[in-house]
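1. Build the 3D model from these lines:
(chains A and B)
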Protein chains: 2
Amino acid sequence: MKYIVIDTLGSDQGPKTILDGVKEVLDSNFEIGFVIVGDPKLIEEYQFPKDRIKVVEAYETVTNMDNPVEAFYKKDKVSIFLALKEASENEDTLGVISSGSTGALMVGSIKYLLDDKKTRPALAAILPTIDKGACTCVVDTGASIDVGPHQLVEFAHLGSDFMRKLYKIESPKVGLLSVGSEPTKGNKLVKETYPLLEQEEGINFVGNIEGSKALDHLCDVLVCDGFAGNQVLKVTQGVASNLIKEMVKYGYTSGKVDEAKALAGHLMSLYDFESSGAAIMLGVKKTVLKCRGSSGAKAIIAASKILINLNDNRTYFETVFDD
Amino acid sequence: MKYIVIDTLGSDQGPKTILDGVKEVLDSNFEIGFVIVGDPKLIEEYQFPKDRIKVVEAYETVTNMDNPVEAFYKKDKVSIFLALKEASENEDTLGVISSGSTGALMVGSIKYLLDDKKTRPALAAILPTIDKGACTCVVDTGASIDVGPHQLVEFAHLGSDFMRKLYKIESPKVGLLSVGSEPTKGNKLVKETYPLLEQEEGINFVGNIEGSKALDHLCDVLVCDGFAGNQVLKVTQGVASNLIKEMVKYGYTSGKVDEAKALAGHLMSLYDFESSGAAIMLGVKKTVLKCRGSSGAKAIIAASKILINLNDNRTYFETVFDD
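-> I've put the predicted structure just below:
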């Protein structure tokens, strides 16, 4: 049996919603087990089938106010670090799911799971595009904030490998996030990276992509530093959420509540960042999925699906559960 | 009579749509004139009232492929440079409107209109927020790409002054774009800028703002380097446009075309970047408005309105034309 390692302590919604997600996955897929990291007393209450779970005791988290490196050396029983350690030591694990601090996930991944050939892991997000069903992998979205051109080239490889594997795209198109499509546009980092990507073997470079076209599916992999990529990811989330709220409000004032709600529901299904899954740590030995801090059961189910599909060599779109 | 200097050659839609906008402004507001920079033969065709216009002959543009500094020294009769020169030399001008290259606008503004106390101009965008009617001024959005912490502090002052003037906000709240709201979050630039903004006199600093909350009206001025700010601006435009297209498409497939179009129309009125006006060059002696390259008459009318309101000490929301 293969196991998913799950950190139950990172979500703002508390551990129960995470354990609800675990229960649903266990009930729908009988070939998978979980290593559950968290409070054993609470986990006990769920009466999971004993032969399909293993419990790792943990009570502590790393908050956004902690220094994650300090926390790694000073804090014991931190769920996120114990989860990553388990993934590195236990061969039967598929990967790790956590909603905890990105910094801690990064530090723990470097300590336990770093792929020796890579200098740093990157956090990729899979964003929906205007092409129905087609996604763009934005890398990095916040794990590696201050980087140089060679790291961006590495992100291009990590993203390409990932899109080849999960979406079966033979030669993923790689775009470079910039302030204009012309090769002369960009900040110092982008201008230095452009010629490197042009020359790089194994990379299908399509040039600079502006933010306004980030989700137009001009590329399968959008390369950027973690600060800029974080803006692409979060501005997308913020604008989609504001527009959807505005629609529902307009529905109430115009008396077309049902129509507005139906439309809002449709858009939410396209731009739903909870069920469209987690951010994915690339460049590490096991798959590490970072769900949003506000994640609930739905995000855990979506993330589990990605891990199971990747392991079974199925693409993202093939379902593993009866949805 | 006060004059608006208008560059007719920068729009992708050609000079006629710009001249259509000029005609509409001249017809609706009798106290304003135009210095029209472009092809005199074409301008002649419009038979504008002779006492309210002045024509400056120009035939050349700076494209996105040109180096704007080289263009400044080598090209003659470039409309964007002649427009800025006219604004610097003619006291009766309110400011400049152009849809041309941002780089050229920047170079020309530095040469002709630089405010001596400022090191560099900045390009601000006024974005709609979830608070109906309330806007956030994002500065910089692409004029100053590679900057240091002291320039970000200057952007905070430029944005605050502008919001005080155009929106009559006494003590504008200033946020710093980052990857998390905590003071410890950010890239090197943001981490160095944070303590400077905290200490800066005359700045009402409210801390870091994440991209997902950029349009939640947590601040009146959102400070960032031009690369990151360009992403905030353009990702907002791209996501809003994609969502609105998706709504209309859904309307057709679900048979609720009219309802979907009404909703799309409402959202477009909120997130319409053409009529919500241009980006504004701050830190220069005259107001310089940069419309999008795809701008038509509507954008010219909106930009003229901003110039007239600023001059008359009216706020943005008071209309000057019968809309």
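
2. tell me which residues in stretch A:283-292 are buried?
-> Judged by neighbour count using 16 or more other CB atoms under 10 Å in any protein chain shown, the buried positions of stretch A:283-292 are A:283-284, A:286-292. Backbone N, C-alpha and C define where each C-beta goes, glycine included.

3. of those residues, closest to A:Asn90?
-> If you rank those by distance to A:Asn90 using CB to CB, A:Lys286 comes first, at 9.5 Å.

4. quick one, phi psi at that closest one?
-> Note on A:Lys286: backbone dihedrals following degrees, to the nearest 10 are phi -120, psi 150.

5. Nearest to chain B among the buried residues of stretch A:283-292?
-> A:Arg292 (9.8 Å; CB to the nearest CB).

6. quick one: pLDDT of that closest one?
-> For A:Arg292, the model assigns a pLDDT of 78.

7. How about A:Ile110?
-> On the pLDDT scale, A:Ile110 is placed at 90.

8. Show me what the helix or strand hosting it is packed up against.
-> Under the criterion of DSSP states H and E, A:Ile110 resides in helix A:102-113. Helices and strands touching helix A:102-113, by 3 or more CB pairs under 8 Å, 6 or more residues apart in numbering or on different chains; DSSP states H and E, are helix A:68-74, helix A:79-89, strand A:279-282, strand A:287-290.

9. Helix, strand, or coil at A:Val138?
-> Of the three states, A:Val138 takes strand under DSSP: H, G, I helix; E, B strand; the rest coil.

10. how many neighbours does it have?
-> Residues lying near A:Val138 (other CB atoms under 10 Å in any protein chain shown) number 29.

11. Name all residues that make contact with it.
-> The neighbours of A:Val138, taking CB atoms under 8 Å, 6 or more residues apart in numbering or on different chains as the test, are A:124-127, A:214, A:222, A:224, A:229, A:232-233.

12. Now do the residue sitting furthest away from the middle of chain A against chain B, distance only.
-> Going by CA atoms, centre = their mean, the residue of chain A most distant from its centre is A:Gly255, 38.5 Å out. Going from A:Gly255 to chain B by CB to the nearest CB, to the nearest Å gives 11 Å.

13. The helix holding A:Ile110 vs helix A:79-89, what angle?
-> Put simply, helix A:102-113 runs at 20 degrees to helix A:79-89, going by axes from the mean of the first three to the mean of the last three CA atoms, to 10 degrees.

14. restrict the buried residues of stretch A:283-292 to those near chain B?
-> Checked against chain B using CB under 8 Å from any CB of the partner chain, the buried residues of stretch A:283-292 yield no neighbours at all.

15. Make a markdown table from those and add distance to B:Phe72 to it.
-> As requested, the buried residues of stretch A:283-292 are exported to a markdown table (distance: CB to CB, whole Å):
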| residue | distance to B:Phe72 |
| --- | --- |
| A:Gly283 | 44 |
| A:Val284 | 49 |
| A:Lys286 | 55 |
| A:Thr287 | 52 |
| A:Val288 | 51 |
| A:Leu289 | 51 |
| A:Lys290 | 47 |
| A:Cys291 | 51 |
| A:Arg292 | 47 |
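
16. quick one on the thing from earlier: please report phi then psi for the residue farthest from the centre of chain A.
-> According to degrees, to the nearest 10, A:Gly255 has phi 80, psi 10.

17. returning to that earlier point: which two in the contacts of A:Val138 are spaced the farthest apart?
-> A:Ile126 and A:Cys224 (14.7 Å).

18. So these two - more neighbours on which side?
-> Ranked by neighbour count (other CB under 10 Å), A:Ile126 and A:Cys224 place A:Cys224 first, with 30 against 21.

19. Identify, from the buried residues of stretch A:283-292, the entry nearest to A:Lys16.
-> For the buried residues of stretch A:283-292, the nearest to A:Lys16 is A:Cys291 (15.1 Å; CB to CB).

20. care to break chain A down by domain?
-> Here the domain parsing of chain A from automatic domain parsing is A:1-114+A:284-323, A:118-278.

21. closest one to B:Ile53 among those domains?
-> It's domain A:118-278; of those, that one is closest to B:Ile53 (CB to CB) at 33.1 Å.

22. and the closest residue to A:Val288 other than its chain neighbours, how many neighbours does it have?
-> Residue nearest to A:Val288 in three dimensions, not counting chain neighbours: A:Met281, with 3.7 Å by CB to CB, 6 or more residues apart in numbering or on different chains. A:Met281 is flanked by 27 other residues according to other CB under 10 Å.

23. near chain B, which residues of the stretch 1-150 of chain A?
-> Within the stretch 1-150 of chain A, the residues that sit near chain B (CB under 8 Å from any CB) are A:64-65, A:67, A:129-130, A:142, A:145-146.

24. Top of the residues you listed by number of neighbours, please.
-> Going by other CB under 10 Å, A:Gly142 tops the residues of the stretch 1-150 of chain A next to chain B with 25 neighbours.

25. Can you name the residues that contact that one?
-> A:102, A:123, A:226-227, A:229-230, A:233, A:279, B:179 are the contacts of A:Gly142 under CB under 8 Å, 6+ apart.

26. A:Ile18: how many residues sit nearby?
-> Residues near A:Ile18, counting by other CB under 10 Å: 27.

27. again, but for A:Pro195
-> 11.

28. Where do the strands of the stretch 201-323 of chain A begin and end?
-> Using DSSP state E, counting those that start in this stretch, the strands of the stretch 201-323 of chain A run over residues A:204-210, A:221-223, A:279-282, A:287-290.
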